[in-house]
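Trainee: Fold the following and give me the result.
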Amino acid sequence: MKHVFLCGNPALDLACTLRARRTDRFETLDTPDRLDTWYVESGIADILTPCGEADLSQAVAVREAIYALVTARLAGERYDAGALALLNETARKPPVAPQLTDEGRRVEATPVQALSTVARHAVELLSGPDVPLMKECANPECTKIFIDRSRGGRREWCGMESCGNKIKAAAYRARKKEAAGAT
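Mentor: Okay, here's the model as predicted:
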């Protein structure tokens, strides 16, 4: 499985690995191998000590904490104390440490370091200048949150391929049906 990174921040991308939270929930991190793949594909690490079941459980717990904190921030609500404590505890652990080699940059990491790095991204996001740019996808079935860095700040969907085309096609079909019914 190839993971998708549309959100503009690794913490948001991790939060969005549980898809369609309001409808047909779809878990993309269902095995330790998939978590390994996510860390590598996200660019957090180039080489990762393999994750175990405990690492997967911890990553899912941190993912849910990040999602709770981000959605609270978007709604202007207070942070959940448990989610905040888990995120901060995870962020305090040692992060990944990039190394320079003859071939260029290389990042070897343990699952704990990789998750700490994601947690640090969440802390920076939720306390930094990108907070006003965070948006939830306009597709009612989608629960992805992304950073809107579009020119006019009018991005509506997490991605055109996934949600934008579906919404635009449905609107087009509705207009065609309405026009056909009017004649």
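
Trainee: what are the phi and psi angles of F146?
Mentor: The main-chain torsion angles of F146 are listed as degrees, to the nearest 10 and equal phi -140, psi 170.

Trainee: And for it, the neighbour number?
Mentor: Per other CB atoms under 10 Å, the neighbour tally for F146 reads 21. Glycine gets a C-beta too; all of them are placed from N, C-alpha and C.

Trainee: ok, it - contacts?
Mentor: Counting by CB atoms under 8 Å, 6 or more residues apart in numbering, F146 touches L6, C7, G8, L12, M134, K135, C137, R155, C158.

Trainee: All the helices of this structure, residue numbers only.
Mentor: Counting by DSSP state H, the chain has these helices, from start to end: 10-15, 32-42, 53-75, 81-91, 111-126, 165-182.

Trainee: Mean neighbour count, those: which tops it?
Mentor: Taking mean count of other CB atoms under 10 Å as the contact definition, the stretch among the helices of the chain with the greatest mean neighbour count is helix 10-15, which reaches a mean of 26.

Trainee: average pLDDT across that helix?
Mentor: Average pLDDT, helix 10-15: 96.

Trainee: Over to stretch 65-79?
Mentor: Confidence for stretch 65-79, expressed as mean pLDDT, is 97.

Trainee: go on, stretch 147-167?
Mentor: Averaging the model's pLDDT scores along stretch 147-167 yields 78.

Trainee: again, but for stretch 126-138
Mentor: Across stretch 126-138, the average pLDDT comes to 94.
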